[in-house]
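Undergrad: Here is a sequence together with a model predicted from it:
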Amino acid sequence: MKALVCEQYGPVEDLKYRDFPDPEPAPGEILVAVKAIGVNFPDGLLVEGKYQARPECPFAPGSEISGEVVGLGEGVIDFAVGDRVLALTTNFGAYAEQITLPSSAAYKMPASMDYETGAALLAASGTAHHGLRQRGRLQAGETLVVLGAAGGTGIAAVQIGKAIGARVIAVCSSEEKLAFAKSQGADDGINYSEQDLKTAIKALTDGRGADVVYDAVGGDAFDACSRAMAWDGRLLIVGFASGRIPELPVNLTLVKGYSVVGVFWGQFTQNEPEAHAANMRELFQWCEAGKVKPIIDRTYKLADGIEAIKYVTGRNVMGKVVITP
Ligand SMILES: NC(=O)c1ccc[n+]([C@@H]2O[C@H](COP(=O)([O-])OP(=O)(O)OC[C@H]3O[C@@H](n4cnc5c(N)ncnc54)[C@H](OP(=O)(O)O)[C@@H]3O)[C@@H](O)[C@H]2O)c1
């Protein structure tokens, strides 16, 4: 089969599109013909050796797929050949024409969902859902501020914030991105390239500040939000797309009685499988109801996967990028 392969850690441009051994399903695994691959910001960090995990080379990056089951390992009874599935991979390997997965990692796709949407759903929406439900305890009527709101997990947080019934303030770096976030339900917008973020959040909340901030950006934007939280607020640490991991004067949390809460969706799926399964049921219901829908910005061929990763890490994407092998 063909795969996009990291032969040694280095620039994304060094990835090789080449033949790779066909995988064989081990007991308990399914073999999936990959139909679509979700591109995520960490895919670029991984091949550059800047991610927390460092798989042994050569390997195919990527962690999110949809596809058709074409083989079953011994003992698999919950899937049949021909099933349409979506999954987070357990050990990367998504940028390939085929992949093996533990059957427990896969979900049957709702009949109404296409492969591109399926591949774009899990990481972005799963993270936003877990972040806002379990970590943020977001309630209907509260004010949610979403940083990087046009990005993959940002736009999912906008949609899920609205599904929960919150008032959503989108924060983006351009008017075009703000318009996109508003098209997905955001009630208000702040362009943090032009406006002072702390002042703008206070102005939009009558001086109260935000009940919940969904921060996948970090850096200066985190610093501003840490000074614009409401009493009993929850500042969610999701990622550091800006490239700077911020530091916090903890007296700020005391004065406003707010919490800073880490969000690590991948670990949550392992540590709390029952809560994760309940989340997935709710997420699929929201998809069926049209409340949550991944927006596909661009689609690339697997041979052009380098361009796909660079488009995402280059701060261009609005919604999700998907690769179709
Ligand atoms: N904790 C978890 O479980 C979890 C799960 C998924 C993702 N993440 C993390 O969340 C972050 C966002 O992931 P994503 O897939 O949503 O990425 P994405 O689609 O690329 O969106 C990231 C957003 O960050 C903003 N940004 C600010 N400074 C940036 C910079 N220097 N370069 C690139 N983007 C910048 C951009 O919005 P503006 O241009 O509007 O500023 C962009 O839309 C990543 O750090 C990722 O690792 C964490």
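TA: Thanks, I have the structure now. Residues are numbered from 1 along each chain as shown.
Undergrad: going forward, measure contacts between C-alpha atoms and count neighbours the same way
TA: OK.
Undergrad: my read: residue 67 touches residue 88, true?
TA: No. Using C-alpha atoms under 8 Å, residue 67 is not in contact with residue 88, being 11.6 Å away.
Undergrad: Among these two, which residue is more densely surrounded?
TA: Taking other C-alpha atoms under 10 Å, residue 67 and residue 88 do not tie; residue 67 has more neighbours (28 against 22).
Undergrad: Mind listing what's buried along whatever helix or strand the more buried one lives in?
TA: Using DSSP states H and E, residue 67 sits within strand 64-72. With burial defined by 16 or more other C-alpha atoms under 10 Å, the residues of strand 64-72 counted as buried are 64, 65, 66, 67, 68, 69, 70, 71, 72.
Undergrad: What number of residues are in the vicinity of the nearest residue to the fifth one once chain neighbours are set aside?
TA: Going back to what we said before, that points to residue 68. The shortest distance from residue 68 to any non-neighbouring residue, by C-alpha to C-alpha, 6 or more residues apart in numbering, is to residue 84 (4.7 Å). Neighbour count of residue 84, defined by other C-alpha under 10 Å: 25.
Undergrad: Same check on residue 276?
TA: 19.
Undergrad: Distance to residue 1 and pLDDT for the buried residues of strand 64-72 - can I get that in a markdown table?
TA: Output for those, formatted as a markdown table (distance: C-alpha to C-alpha, whole Å; pLDDT from 0 to 100):
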| residue | distance to residue 1 | pLDDT |
| --- | --- | --- |
| 64 | 18 | 96 |
| 65 | 16 | 98 |
| 66 | 17 | 98 |
| 67 | 15 | 98 |
| 68 | 15 | 98 |
| 69 | 16 | 98 |
| 70 | 14 | 98 |
| 71 | 15 | 98 |
| 72 | 18 | 98 |
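Undergrad: Now do residue 320 against the ligand, distance only.
TA: 6 Å (C-alpha to the nearest ligand atom, to the nearest Å).
Undergrad: what about that residue, distance to residue 76?
TA: Residue 320 sits 32 Å away from residue 76, going by C-alpha to C-alpha, to the nearest Å.
Undergrad: Likewise for residue 193?
TA: If you go by C-alpha to C-alpha, the gap between residue 193 and residue 76 works out to 52 Å.
Undergrad: The two: who's more crowded?
TA: Between residue 193 and residue 76, residue 76 has the larger neighbour count (other C-alpha under 10 Å), namely 17 against 12.
Undergrad: wait, what's in contact with the most centrally placed residue in the chain?
TA: Compute the mean C-alpha point of the chain, and by C-alpha atoms, centre = their mean the closest residue is residue 124, 2.2 Å away. By C-alpha atoms under 8 Å, 6 or more residues apart in numbering, the contact set of residue 124 is 152, 153, 154, 156.
Undergrad: want to throw these into a markdown table with secondary structure?
TA: Formatted as a markdown table, these follow (DSSP: H, G, I helix; E, B strand; the rest coil):
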| residue | secondary structure |
| --- | --- |
| 152 | helix |
| 153 | helix |
| 154 | helix |
| 156 | helix |
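Undergrad: and the ligand, which of the residues you listed reach it?
TA: The residues of the contacts of residue 124 that also fall near the ligand, by C-alpha under 6 Å from any ligand atom, are 152, 153, 154.
Undergrad: looking at it, the last one is touching residue 217, isn't it?
TA: No. Contact criterion C-alpha under 8 Å: residue 154 and residue 217 do not qualify, at 9.5 Å.
Undergrad: what about residue 77, how many neighbours?
TA: Residues near residue 77, counting by other C-alpha under 10 Å: 10.
Undergrad: On the three-state scheme, it is what?
TA: On the three-state scheme (three-state DSSP), residue 77 is labelled coil.
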